[in-house]
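# Provided below are the primary sequence and the corresponding predicted coordinates.
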Amino acid sequence: MVGSTELGEQLDPEELSVVLDSYFTAMRREIEAEGGTVEKFIGDAVVAVFGVPTAHEDDPTRALRAGLRMRRSLEVLNRSLEDERGIRLAMRIGVNTGDVIAHTDPAPGEAFVTGDAVNVAARLEQGADEGQILVGERTARSAKGVTLEQVGPLALKGKRETVRAFVLLDDDVGRPKTAERFDARLYRTKMVGREAELAMVRSVFDRCIADGRPQLITVYGDAGVGKTRFVEEFARRTDDLSEQPLVITGRCLPYGEGVTYWPLGEILKAQAGILDTDPPDLALEKVHKVAEQLLTEAVSADPPRASAALAYTIGLEDPSQALARAGASIMIADILEEAQKG
């Protein structure tokens, strides 16, 4: 929290305790919503970890999403604090990834995680401006689906060498022209191995082209073995074809509720060019436009209703098509089944 000392001068101890409790409660809620663990509240600071005690394949992304959620939650909290007490709170956040010693069951007073990565996260927080989220390079390279802008290298207290850092931008307020999409694939080396598996998938792909019929391939394995990299490598190896295949992607969220059709929704938004800032009417118009191109009578017996069902996957309701919740789900399942049949 920024300016807590000045805040302590304005409020008596009881009022300050109430304000801090409301702040810490809001921050804990947003951290835990993304699967993080609050290690401790110390003074006016919140220390949280992702990946301990439970590791996820997207912990860096979760941490950055939590930072954005915390910033938005503070805006909501400030509205009530302004009305009730005439004050506003401000904060800054530092996020870093690295090797640590983790104690899943720490003794009283013992740190949850220790290591240089923790120290750098603290220094990034101290170096951030008010309202800013500063991100270490390793976190930036590992996170997906976020927008980052380079600000480094930074000279951090206690570090002999400068540290590359990035500012996390909130896409909901529009992406500045100077922002860059930080892609971890830029740092990847040549893929070694998996030649037999790649050849197998390529043979199925070639048969799909020759027969004019779809095929389904499932790649499965433990977290971290390289499933995503394998698929990306296969897509890259189709660059030599005279007719480039259309590659569309959707991601299954490993957390949250009501996300059954999230991958389909991501694919639809990408194909239709729908932005999160688009008003519902414009987003629905974009869905109809792409549906007219793809949902022919050969694919769907009722293209208008199928279009409405697809719009439902991204939370849009078509006023011209009355679809009950169950009906929309059935229609979506029918679209997927017809697509598999070709």
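Everything's here; your move.

# so residue 310 touches residue 267, yeah?
No - in this structure, residue 310 is not within contact of residue 267 by CB atoms under 8 Å, at 9.6 Å. Any C-beta I mention is one placed from the backbone N, CA and C, and that applies to glycine too.

# element containing the closest residue to residue 104 other than its chain neighbours?
Using CB to CB, 6 or more residues apart in numbering and skipping the chain neighbours, the partner closest in space to residue 104 is residue 53 (4.4 Å). Assigned by DSSP states H and E, residue 53 belongs to no helix or strand.

# can you pull the phi and psi angles for residue 167?
Note on residue 167: its backbone torsions stand at phi -100, psi 130 [degrees, to the nearest 10].

# neighbours around residue 268, how many?
Neighbours of residue 268 under the rule other CB atoms under 10 Å: 23.

# got a list of what residue 280 touches?
Going by CB atoms under 8 Å, 6 or more residues apart in numbering, residue 280 touches residue 316.

# now the helices for the stretch 101-250 of the chain?
116-127, 137-142, 195-211, 227-236 (DSSP state H, counting those that start in this stretch).

# three-state assignment of the closest residue to residue 24 other than its chain neighbours?
Spatial nearest neighbour of residue 24, chain neighbours left out: residue 41 (5.3 Å); criterion: CB to CB, 6+ apart. Secondary structure state of residue 41, per DSSP: H, G, I helix; E, B strand; the rest coil, is strand.

# distance of residue 41 from residue 249?
39 Å (CB to CB, to the nearest Å).

# looking only at neighbour counts, state which of those two leads.
The neighbour comparison of residue 41 against residue 249 (other CB under 10 Å) goes to residue 41, with 15 against 12.

# was I right about the more buried one contacting residue 21?
No - Residue 41 lies out of contact with residue 21 (CB under 8 Å); the separation is 9.7 Å.

# need the residues touching each of the two.
Common contact partners of residue 41 and residue 21 (CB under 8 Å, 6+ apart): none.

# what sits against residue 89?
Residue 89 makes contact with 1, 3, 7, 19, 23, 74, 77-78, 81 under the criterion CB under 8 Å, 6+ apart.

# farthest-apart pair in those residues, please.
Spanning the widest gap among those are 3 and 77, at 14.8 Å by CB to CB.

# and the two? Which one has more around it.
More crowded of residue 3 and residue 77, by other CB under 10 Å: residue 77, with 18 against 15.

# leaving out chain neighbours, which residue sits closest to residue 146?
Leaving aside its chain neighbours, residue 146 sits nearest to residue 64 (5.1 Å; criterion: CB to CB, 6+ apart).

# now the helix or strand hosting that neighbour: mean pLDDT?
Assigned by DSSP H and E, residue 64 belongs to helix 59-85. Across helix 59-85, the average pLDDT comes to 91.

# same thing with stretch 306-326?
Stretch 306-326 shows a mean pLDDT of 77.

# please shift the residue numbers so they start at 22 in all later answers.
Will do, 22 is the new start, and the previous item becomes stretch 327-347.

# how about it: buried residues?
327-335, 337, 339, 342, 344 (16 or more other CB atoms under 10 Å).

# can you tell me which of those residues is nearest residue 217?
Nearest to residue 217 out of the buried residues of stretch 327-347 is residue 334 (CB to CB; 36.1 Å).

# pretty sure that closest one contacts residue 289?
Yes - look at residue 334 against residue 289 with CB under 8 Å: they come within range, at 6.1 Å.

# mean pLDDT, distance to residue 298 and mean neighbour count added to the helices of the stretch 122-271 of the chain, as CSV?
Shown next, in CSV, are the helices of the stretch 122-271 of the chain (pLDDT from 0 to 100; distance: least, CB to CB, whole Å; neighbours: other CB atoms under 10 Å):
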stretch, mean pLDDT, distance to residue 298, mean neighbour count
helix 137-148, 89, 29, 19
helix 158-163, 90, 24, 21
helix 216-232, 91, 36, 12
helix 248-257, 89, 28, 15
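
# right, and these - which one's nearest residue 282?
Nearest of these to residue 282, taken as CB to CB: helix 248-257 at 20.4 Å.

# right, and the helix or strand after that closest one?
Heading C-terminal from helix 248-257, the first helix or strand you meet, by DSSP H and E, is helix 283-293.

# helices or strands next to that next one in the packing?
Judged by 3 or more CB pairs under 8 Å, 6 or more residues apart in numbering; DSSP states H and E, helix 283-293 is in contact with helix 301-315, helix 324-333.

# out of the ones you listed, which is closest to residue 51?
Using CB to CB, the helices and strands packed on helix 283-293 put helix 301-315 closest to residue 51, at 26.0 Å.
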